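Asks: Test case, fold it:
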Amino acid sequence: MSADMWSYTPESHYKPGTRLIGFKVEASDGHIGKVDEHTEDVDASYVVVDTGPWIFGKHVLIPAGTVARIDVKAEKINVNLTKAQIKDSPEYDRDKHRGDVGYRDELGQHYGRSHM
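Replies: Down below sits the predicted model:
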């Protein structure tokens, strides 16, 4: 999986240091939840989304490269993924998966397959 999947694209309008927690997250086909946490690590950036009642409180980790646009004024993030792609992703467990390269590789394969 290429490192660019784990970096914000220039088109996303992400500015380093922007606090995204609480922003609404929109898939290409509708609302999926709110940002619970995010990183801006070089070649390892991601957004964790709390899907709330949509997938019964599941948290999902979305690679920064799938972020299409960030609207700071509207506090909204659009991602280039469908709700089904996100729903079918491996579940994120903060205690088990934070910093887990194997989990990140699994996610990269999931989104790489379904994103292309």
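Asks: low-confidence ranges in this protein?
Replies: Scanning the chain for pLDDT under 70 picks out 1-3, 54-55, 113-116.
Asks: show me where it has strands.
Replies: For the chain, the strands defined by DSSP state E cover 24-27, 30-38, 46-50, 59-63, 67-71, 76-79.
Asks: how about those strands in CSV, adding mean neighbour count and distance to Arg94?
Replies: Using the backbone N, CA and C atoms, a C-beta is placed for each residue, glycine as well. Below are those laid out as CSV (neighbours: other Cβ atoms under 10 Å; distance: least, Cβ to Cβ, whole Å):
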stretch, mean neighbour count, distance to Arg94
strand 24-27, 20, 17
strand 30-38, 18, 8
strand 46-50, 24, 8
strand 59-63, 24, 7
strand 67-71, 18, 20
strand 76-79, 21, 19
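Asks: orientation of the longest helix belonging to the chain relative to strand 46-50 in degrees?
Replies: Counting residues, the longest helix found in the chain (DSSP state H) is helix 101-115. For helix 101-115 against strand 46-50, the angle by axes from the mean of the first three to the mean of the last three Cα atoms, to 10 degrees is 80 degrees.
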